[in-house]
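Colleague: sequence first, predicted coordinates after that:
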Amino acid sequence: MRLLEREETMWDKVLTWPLPVRDLLAVVTVLLALACVIVPALLGGADFERTGKLVASQPRESATLVEVVDAARGDDTYYVLLRGEEVQADYGWFIPEPTPGTTVEVVRDPENPSRVIAVGTPQDWADRPWLNAVLAAVALAFGLLAALFAGLKLVPERGGPVFERLFNARERLVRRADHALRERLGRGSPSSGRHSSP
């Protein structure tokens, strides 16, 4: 209860700030939410592209998969035996049959020789246009949630009426769709408009 009271008090104080300040804070909130998705996606995409070029250009070596450590969260960790040394293999999820004792093709990063990369198959390193669509959808969802939060918490005098109009428009669309469906079902009924003569 005390935590909720403190939170309410904090938002009450925020609402006393000038509207331009809260407008700016709302914009920053949305931008930060988008950055939390877009920046890691861009960095991950750049690393994936660079690593794919390394796999295609560097000499391959044979290693033996030693252990797969299951991760409670995130990606599993793969260890291989390479030249008598046990090392972690990046992109180990590309190993077709990740069971200990399996022979694995790997390459070394020339800029960081301690980094070992599982080769996988050419399809593993192919472009994935659908992934960009998924990331765009996730970014849009984060942005909408942040806008909802900012609009209702930081600038309720602006966000409240906007979201109310949106929800009202949604309800009108649902009612129209329901009415149209009922009309179609009524027209499609074989008994509609027909009366049997005595």
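Modeller: Everything's here; your move. Residues are numbered from 1 along each chain as shown.

Colleague: point out where the protein drops to low pLDDT.
Modeller: Low-confidence segments of the chain (pLDDT under 70): 1-8, 160, 162-167, 187-198.

Colleague: try it again at 50.
Modeller: Applying pLDDT under 50 to the chain picks out residues 192-198.

Colleague: now do the strands in it.
Modeller: Using DSSP state E, the strands of the chain run over residues 61-69, 77-82, 85-90, 103-109, 112-118.

Colleague: dump these to a markdown table, plus mean neighbour count and distance to residue 124.
Modeller: From N, CA and C alone the C-beta is placed, and that goes for glycine too. As requested, those are exported to a markdown table (neighbours: other C-beta atoms under 10 Å; distance: least, C-beta to C-beta, whole Å):
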| stretch | mean neighbour count | distance to residue 124 |
| --- | --- | --- |
| strand 61-69 | 16 | 16 |
| strand 77-82 | 19 | 14 |
| strand 85-90 | 16 | 12 |
| strand 103-109 | 18 | 12 |
| strand 112-118 | 15 | 9 |
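
Colleague: okay, the residue most central in space within the chain and residue 51: tell me how far apart.
Modeller: Nearest to the geometric centre of the chain sits residue 138, at 4.2 Å (C-alpha atoms, centre = their mean). For residue 138, the distance to residue 51 (C-beta to C-beta, to the nearest Å) stands at 22 Å.

Colleague: next: residue 172.
Modeller: 51 Å.

Colleague: more neighbours: those two, which one.
Modeller: Using other C-beta atoms under 10 Å, the more surrounded residue of residue 172 and residue 51 is residue 51, with 17 against 10.

Colleague: quick one: closest of the strands of the chain to residue 15.
Modeller: For residue 15, the closest of the strands of the chain is strand 77-82, at 47.3 Å, according to C-beta to C-beta.

Colleague: how about residues contacting that closest one?
Modeller: Applying C-beta atoms under 8 Å, 6 or more residues apart in numbering, the external contacts of strand 77-82 come out as 61, 63-69, 71, 86-89, 92-93, 95, 98, 104, 106, 116, 118.

Colleague: and what of stretch 31-41?
Modeller: Under C-beta under 8 Å, 6+ apart, the answer for stretch 31-41 is 135, 138-139, 142-143, 145-146.

Colleague: now do the buried residues in the biggest helix by length in the chain.
Modeller: Longest among the helix segments of the chain by residue count, using DSSP state H, is helix 19-57. Across helix 19-57, burial judged by 16 or more other C-beta atoms under 10 Å covers 22, 26, 29-30, 33, 37-38, 41, 51-52, 54-55.

Colleague: export stretch 20-34 to PDB, keeping only CA atoms.
Modeller: In PDB, the C-alpha atoms belonging to stretch 20-34 read as follows (Å, rounded to 0.1, in the frame of the first residue of the first chain):
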ATOM      1  CA  PRO A  20       5.700  21.700 -22.400                       C
ATOM      2  CA  VAL A  21       8.000  19.900 -20.000                       C
ATOM      3  CA  ARG A  22       5.600  16.900 -19.800                       C
ATOM      4  CA  ASP A  23       5.200  16.900 -23.600                       C
ATOM      5  CA  LEU A  24       9.000  16.600 -23.900                       C
ATOM      6  CA  LEU A  25       9.100  13.900 -21.300                       C
ATOM      7  CA  ALA A  26       6.400  12.000 -23.200                       C
ATOM      8  CA  VAL A  27       8.300  12.200 -26.500                       C
ATOM      9  CA  VAL A  28      11.500  11.000 -24.800                       C
ATOM     10  CA  THR A  29       9.600   8.100 -23.200                       C
ATOM     11  CA  VAL A  30       8.400   6.900 -26.600                       C
ATOM     12  CA  LEU A  31      11.800   7.400 -28.200                       C
ATOM     13  CA  LEU A  32      13.500   5.400 -25.500                       C
ATOM     14  CA  ALA A  33      11.000   2.600 -25.900                       C
ATOM     15  CA  LEU A  34      11.700   2.400 -29.600                       C
END
